[in-house]
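Asker: generate coordinates for the sequence data below:
(one chain, ligands or ions: 2)
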Amino acid sequence: MTSHTLDELLADNGVRGRYVLVRSDLNVPLDGATVTDDGRVRASLPVISKLADAGAKVIVMAHLGRPKGQFDPKYSIAPAAKRLNELADFDVTVASDVVGPSAREAAAGLADGSVLVLENVRFDARETSKIDAERVELAKELAALTGPDGAYVNDAFGAVHRKHASVYDIAALLPSYQGDLVATEVQVLKTLTEAPKRPYVVVLGGSKVSDKLAVIDNLIGKADQLLIGGGMAFTFLKAQGHNVGGSLLEEDQIAVCQEYLQRAEKLVCDIILPVDVVVADKFGADAAHEVLDADKIEEASFGSNGLGLDIGPKSAEKFASYITGANTVFWNGPMGVFEIPAFAEGTRTVAQALAGSEAFSVVGGGDSAAAVRALGFSEDDFGHISTGGGASLEYLEGKTLPGVAALEG
Ligand SMILES: Nc1ncnc2c1ncn2[C@@H]1O[C@H](COP(=O)(O)OP(=O)(O)O)[C@@H](O)[C@H]1O
Ligand SMILES: O=C(OP(=O)(O)O)[C@H](O)COP(=O)(O)O
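Answerer: Numbers count the residues shown, from 1 in each chain. Ligands and ions are numbered 1, 2, ... in the order given. So this is what the prediction gives:
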């Protein structure tokens, strides 16, 4: 089944004077009230602009972080909305609640071609509720902001794997359309799952270890090589019988990693692990650190409980050579704690190899995208930078994405 596109909405009856509720992913990293990486705001801008330019009264729904279903100033959407206002050529106002008096009054007074951003939708506990009726109740209140001929556009690719009121339930209540960002992201990921040009190399890292193990299950047999770095690597190294000191480890996943290693050996898929590691005496910018072979982590001069915070130079070169030989590369998760310069080299080497390769490359994940930008790479260095980490991984796992499926219903 296919979804209705944004262009259909614009062509059908036009949107001048109509309310359009847009779900965007404005979940940006903040330092206090400063947006430190505005990639998701920039990625959301085209659809909001298209609608505003066409004269719609645009109401944007978005989340920021994971507040516990109540107002918390730390998670206000205001800094992201302010950034949107700075980038936009239309007026942006911000409501101080989700569906309360502020939102209703601001929506009622919205001029054609103007944009209202509702406060963080996760300030309302019904947004993420496991109880269908609670989510539907919120979805009805959101839909009511649009008056009789409203429409809904989902452009929040980073959140389409969430069965939430503003992502999923609302699609049953209003004529619904797929935003251009969601359409592009899905199209790109489809080429990776349906017909990747081989060799197809997948690079995984980061710290959300158990979240990402499921995707490895699905990729064994599909990818030609799986390169595992970052915090992910240590559970695999432990599964091979190595001592990993105080490095990130998920004890309950060791057996799973062992099974993956055995299965990968039978199918023609190489799981490539780091051969050396940058080991630190503590987590911090002032940590002492040294490079050790991956099977000698406990031999660090400062003791046996060191933390592996980056892949070592030999591993980085090895990973780079696989990337250089690939025709398709999907990368999710930094190779080390890139936020600290001493542990950023593995991520930099992998990013450099990817930027210089001829392969079609997709970089997925909030932190991975932020990492490549922080290290000075640009969008043009890669085939596609995805705005969704969890969402792109769940797509590659072959799971149904509720926010995409709801538009097809
Ligand atoms: N060896 C490691 N030990 C601890 N944390 C790590 C390690 N390698 C990478 N990280 C951390 O992983 C985080 C990103 O992980 P994750 O959220 O899984 O990535 P993404 O958002 O791209 O999917 C970064 O903040 C980075 O510092
Ligand atoms: O940051 C996001 O996901 P990502 O870190 O997996 O890319 C999305 O905004 C979804 O947020 P959530 O994982 O709190 O539902």
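Asker: for ligand 2, see how far away K140 is.
Answerer: 22 Å (Cβ to the nearest ligand atom, to the nearest Å). For every residue, glycine as well, the C-beta is placed using N, CA and C.
Asker: what sits against that residue?
Answerer: Applying Cβ atoms under 8 Å, 6 or more residues apart in numbering, we find K140 in contact with L173.
Asker: which strand or helix spans it?
Answerer: Assessed by DSSP states H and E, K140 sits inside helix 132-144.
Asker: which of the residues in that helix are buried?
Answerer: By neighbour count with 16 or more other Cβ atoms under 10 Å, helix 132-144 contains the buried residues 134-139, 141-143.
Asker: go through those residues and name the one nearest ligand 1.
Answerer: R135 (25.5 Å; Cβ to the nearest ligand atom).
Asker: count the neighbours of the residue of the stretch 251-400 of the chain found nearest ligand 1 for me.
Answerer: Here the residue of the stretch 251-400 of the chain nearest ligand 1 is G365; by Cβ to the nearest ligand atom that distance is 2.5 Å. Number of residues near G365 (other Cβ atoms under 10 Å) recorded here: 27.
Asker: one more: V215?
Answerer: Neighbours of V215 using other Cβ under 10 Å come to 22.
Asker: for V279, give me phi and psi.
Answerer: phi -110, psi 130 (degrees, to the nearest 10).
Asker: quick check on the spatially closest residue to it that is not a sequence neighbour: phi, psi?
Answerer: Counting by Cβ to Cβ, 6 or more residues apart in numbering, V279 lies nearest to G306, which is 3.9 Å off, once chain neighbours are set aside. Backbone torsions of G306, given as degrees, to the nearest 10, read phi -60, psi 160.
Asker: contacting residues for G306?
Answerer: G306 neighbours (Cβ under 8 Å, 6+ apart): 245-247, 279-281, 292, 297-298, 300.
Asker: again, but for V186
Answerer: 157, 395, 404.
Asker: re earlier: from S176, how far out is the residue nearest to V279?
Answerer: 52 Å (Cβ to Cβ, to the nearest Å).
Asker: re the thing from before, looking at the contacts of V186, which are in helices?
Answerer: Counting by DSSP state H, the contacts of V186 place 395, 404 in helices.
Asker: scan the contacts of V186 and report the most crowded one.
Answerer: F157 (29 neighbours).
Asker: return the set of buried residues in stretch 368-380.
Answerer: When burial is assessed from 16+ other Cβ under 10 Å, stretch 368-380 yields the following buried residues: 368-375, 377.
Asker: check which helices and strands the host helix or strand of V41 sits against.
Answerer: Using DSSP H and E, V41 sits within helix 39-53. Applying 3 or more Cβ pairs under 8 Å, 6 or more residues apart in numbering; DSSP states H and E, one finds that helix 39-53 makes contact with helix 6-12, strand 19-23, strand 57-61, helix 78-87, helix 180-194, helix 366-374.
Asker: those: which one's closest to V201?
Answerer: For the helices and strands packed on helix 39-53, proximity to V201 was assessed by Cβ to Cβ; helix 180-194 is nearest, at 11.3 Å.
Asker: neighbouring strands - and their directions - for the helix or strand just after that closest one?
Answerer: Next helix or strand after helix 180-194 toward the C-terminus (DSSP H and E): strand 200-204. When pairing is defined by DSSP bridges, strand 200-204 lines up against strand 225-228 (parallel), strand 328-332 (parallel).
Asker: just the buried residues of the last one, please?
Answerer: Put plainly, it is strand 328-332. For strand 328-332, a neighbour-count test (16+ other Cβ under 10 Å) marks 328-332 as buried.
Asker: if we can go back for a sec, quick check, nearest of the buried residues of helix 132-144 to H4?
Answerer: Among the buried residues of helix 132-144, and counting by Cβ to Cβ, the member closest to H4 is A143, at 16.7 Å.
Asker: ok, now which ones touch the closest one?
Answerer: So A143 contacts 21, 150, 152, 170, 173-174 (Cβ under 8 Å, 6+ apart).
Asker: for V20, same thing?
Answerer: By Cβ under 8 Å, 6+ apart, V20 lies in contact with 9, 51, 56-59, 146, 150-153.
Asker: what sits closest to D89 if chain neighbours are left out?
Answerer: S49 (7.5 Å).
Asker: how about the residues of the stretch 101-250 of the chain that lie near ligand 1?
Answerer: Within the stretch 101-250 of the chain, the positions lying close to ligand 1 (Cβ under 6 Å from any ligand atom) are 205-208, 230-231, 248.
Asker: lowest pLDDT pick from these?
Answerer: Of all these, K208 has the smallest pLDDT value, namely 83.
Asker: and that one, its phi and psi?
Answerer: According to degrees, to the nearest 10, K208 has phi -80, psi 70.
Asker: so who does it touch?
Answerer: K208 sits next to G333 when contact means Cβ under 8 Å, 6+ apart.
Asker: all strands for the stretch 201-350 of the chain, in order.
Answerer: 225-228, 270-272, 276-280, 289-293, 307-311, 328-332 (DSSP state E, counting those that start in this stretch).
Asker: circling back to that earlier point, format the buried residues of stretch 368-380 as JSON lines; extra columns: pLDDT.
Answerer: Below are the buried residues of stretch 368-380 laid out as JSON lines (pLDDT from 0 to 100):
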{"residue": "S368", "pLDDT": "88"}
{"residue": "A369", "pLDDT": "86"}
{"residue": "A370", "pLDDT": "84"}
{"residue": "A371", "pLDDT": "88"}
{"residue": "V372", "pLDDT": "91"}
{"residue": "R373", "pLDDT": "88"}
{"residue": "A374", "pLDDT": "87"}
{"residue": "L375", "pLDDT": "90"}
{"residue": "F377", "pLDDT": "92"}
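Asker: wait, what's in contact with the residue of the chain positioned farthest from its centre?
Answerer: In the chain, the greatest distance from the average C-alpha position (Cα atoms, centre = their mean) is reached by S301, at 37.7 Å. Contact analysis of S301 by Cβ under 8 Å, 6+ apart lists E290.
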